[in-house]
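[1] With the input below, show me the fold.
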Amino acid sequence: MTAWTQLLVRRLRAKRQKMATARPSTARQTISASVRAEGCSGIQSIRIRGFHLLSDCHPACAGFHVGPTAPELQLGALGSSLAETFLSQAAERGVPLDDIEVEITGTLNPPGSPHGEPATVGPHDIRYTVHLRSPAPADQIAALHAAVARICPVLNLLVQPQVIKGRIVHDLGAGSGLTPSPN
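    Residues are numbered from 1 along each chain as shown. This next block holds a predicted model:
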């Protein structure tokens with residue numbers, strides 16, 4: 001049994017055990033992250049559960065190049081979510097995998113460029129390529145890809161329209177208290 005096969009078997013067992021022991025729940029899970037721009041560097045310190053990541057901008061934008069940019073992190077999140085979903089779906093469907101690698105590309109228009117219309121300010125023209133090594137037949141891999149496209153959380157976050165609400169809590173400085181925004 002290859003290491004990849006062992007991984008898929010472990011994932012399937014863990015999922016089945018969780019389903020067998022978990023009480024059915026309709027409660028939604030809240031996930032969160034916090035980001036703080038550090039000092040006068042502008043480097044973003046990202047905290048997610050017990051994990052700590054750094055994000056920064058390119059030196060051309062006065063960054064220090066100590067971490068990926070936010071758009072690069074978004075592409076990384078998509079690639080990670082695709083790989084994770086391929087692994088879980090392969091385990092669930094009994095599709096043998098020997099290797100998986102996901103490559104993501106996107107286009108960024110420079111700020112202020114003639115191409116910087118609001119619809120294309122962020123990453124766009126996003127494409128992914130999944131390199132799979134598997135003895136499974138092509139139709140089984142195609143069905144696996146269709147299942148992944150249907151349920152991959154970050155892929156669906158990017159593809160489906162989202163409602164994002166924001167608000168600002170404005171601190172006026174020392175001893176002045178906080179003023180919530182009307183948003």
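[2] going forward, measure contacts between C-alpha atoms and count neighbours the same way
    Noted.
[3] quick one: low-confidence ranges for this protein?
    Within the chain, the stretches with pLDDT under 70 are 1, 24-25, 111-120, 175-183.
[4] so where do the helices sit in it?
    Shown for the chain, the helices assigned by DSSP state H span residues 3-21, 70-93, 138-151, 153-159.
[5] what's the most buried one of those helices?
    Per-stretch averages of neighbours, counted by mean count of other CA atoms under 10 Å, single out helix 70-93 among the helices of the chain, with a mean of 19.
[6] okay, the angle between that helix and helix 3-21?
    What separates the directions of helix 70-93 and helix 3-21 is an angle of 80 degrees, with axes from the mean of the first three to the mean of the last three CA atoms, to 10 degrees.
[7] Who are the packing partners of helix 70-93?
    Packed against helix 70-93 by the contact rule (3 or more CA pairs under 8 Å, 6 or more residues apart in numbering; DSSP states H and E) you find helix 3-21, strand 99-107, helix 138-151, helix 153-159.
[8] Run through who's touching the third one.
    Helix 138-151 is contacted from outside by 82, 85-86, 89-90, 93, 95, 155-156, using CA atoms under 8 Å, 6 or more residues apart in numbering.
[9] which one is F86 nearest to, not counting chain neighbours?
    Of all residues not flanking F86 in the chain, V148 sits nearest, at 6.0 Å (CA to CA, 6 or more residues apart in numbering).
[10] Oops, could you answer that again for S55 instead?
    G67 (4.6 Å).
[11] And for the one you found, the neighbour number?
    By the other CA atoms under 10 Å criterion, the neighbourhood of G67 contains 18 residues.
[12] same check, this time on C57
    C57 has 19 neighbours, counted by other CA under 10 Å.
[13] Identify the residues contacting it.
    C57 is in contact with 43, 63-65, 67-70, counting by CA under 8 Å, 6+ apart.
[14] give me that answer again for 10 Å
    C57 is in contact with 42-44, 63-71, counting by CA atoms under 10 Å, 6 or more residues apart in numbering.
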